[in-house]
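> Quick check, what structure comes out for this input:
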Amino acid sequence: MTFIFPISNLMFGRLIPNKKSKTIVNEFNELQDILGLQNFKLIFPAILTDRGNEFIDADGIENDEYGNARTRIFYCDPYSSSQKPEIERNHEFFRFYVPSGESLNDITQEQVDLMFSHINSYNREARGHHTPYEYFAFIYGKEIYRARTPYTLSKVNLVWQQNLPSFFLACLLIYLLHVYHRINSVLIHQKQYFSIYKLIYYVT
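Numbering: from 1, shown residues only. A predicted model of the protein is given here:
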């Protein structure tokens, strides 16, 4: 299950064991436990999703276990993925790591968190060459981001400690690619550019 905040383009994902509506409600309850009710209401004032059966329990998603209202849920029209274009476009980044049709059975939540950490660290031309993380942290604060992804930050610190030469080499490649792009004003195809970030993921 993937989430995206359209203003910042920040995205994260949760591995779920099945697509039952109760499982989805439990995921939202866990998010509220991590963030707290007020922060949950702040960053999830409304949720737009498709009409899959897993999202059928609107009351369970909109209200917590104690009956407190926490969000509002809205559904796209049938066969209208264009009504949520941001998440459809960002799924292309996800598919660089996990090609369409490839099983998720061998992927852990820690790997998913690290993968989205790299995706959220990729700057976007539409955001003034800022990253989704920078935008999200500016709007909501770094504390909320850290609360949502505690594993990611500790993992990145571990990577710096254990794989310093490889990590610096990958970062240097990214920097040189930025310089080349800016000096020569060459439009680099997104897939080619993002493969460098994929390199970091496998190196680390």
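
> Identify the residues contacting S103.
With contact set as Cβ atoms under 8 Å, 6 or more residues apart in numbering, S103 has no partners. Just so you know, the C-beta spots here come from the backbone N, C-alpha and C atoms, and that holds for glycine as well.

> Am I right that it is in a strand?
No. Counting by DSSP: H, G, I helix; E, B strand; the rest coil, one finds S103 to be coil, located in no strand.

> Next, it: phi, psi?
phi -70, psi 150 (degrees, to the nearest 10).

> Tell me where the chain has helices.
Remark: helices assigned in the chain by DSSP state H are 21-35, 37-43, 58-62, 85-97, 109-119, 132-140, 142-148, 150-162, 164-184, 190-203.

> how far is the second one from where the chain is centred?
Averaging C-alpha positions (Cα atoms, centre = their mean, to the nearest Å) puts helix 37-43 18 Å from its chain's average.

> Please enumerate residues in contact with it?
So helix 37-43 is in contact with 5, 31-32, 35, 64, 68, 70-71, 140, 144, 147, going by Cβ under 8 Å, 6+ apart.

> Quick check: which ranges of the protein have low pLDDT?
By pLDDT under 70, the low-scoring segments of the chain are 145-204.

> re the thing from before, closest one to L104 out of the contacts of helix 37-43, please.
L31 (19.9 Å; Cβ to Cβ).

> Out of the contacts of helix 37-43, which end up buried?
5, 31-32, 35, 64, 70-71, 140, 144 (16 or more other Cβ atoms under 10 Å).

> just checking, I144 touches L31?
No. Look at I144 against L31 with Cβ atoms under 8 Å: they stay out of range, at 11.4 Å.

> May I have the residues that are in contact with the nearest residue to D50 once chain neighbours are set aside?
Closest residue to D50 apart from its sequence neighbours, by Cβ to Cβ, 6 or more residues apart in numbering: C76 at 5.3 Å. If you count contacts by Cβ under 8 Å, 6+ apart, C76 has them with 48-51, 83-84.

> What subset of the residues you listed is buried?
Buried among the contacts of C76 (16+ other Cβ under 10 Å): 49-50.

> List the ones among the contacts of C76 that fall in strands.
Among the contacts of C76, DSSP state E puts 48-49 in strands.

> The contacts of C76 into a markdown table, with extra columns for distance to D106?
Formatted as a markdown table, the contacts of C76 follow (distance: Cβ to Cβ, whole Å):
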| residue | distance to D106 |
| --- | --- |
| L48 | 31 |
| T49 | 27 |
| D50 | 26 |
| R51 | 30 |
| Q83 | 33 |
| K84 | 28 |
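
> related to what we said a few turns ago, export the buried ones among the contacts of helix 37-43 to CSV and tack on distance to G13?
As requested, those are exported to CSV (distance: Cβ to Cβ, whole Å):
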residue, distance to G13
F5, 13
L31, 12
Q32, 18
L35, 16
D64, 22
R70, 20
T71, 19
Y140, 19
I144, 17
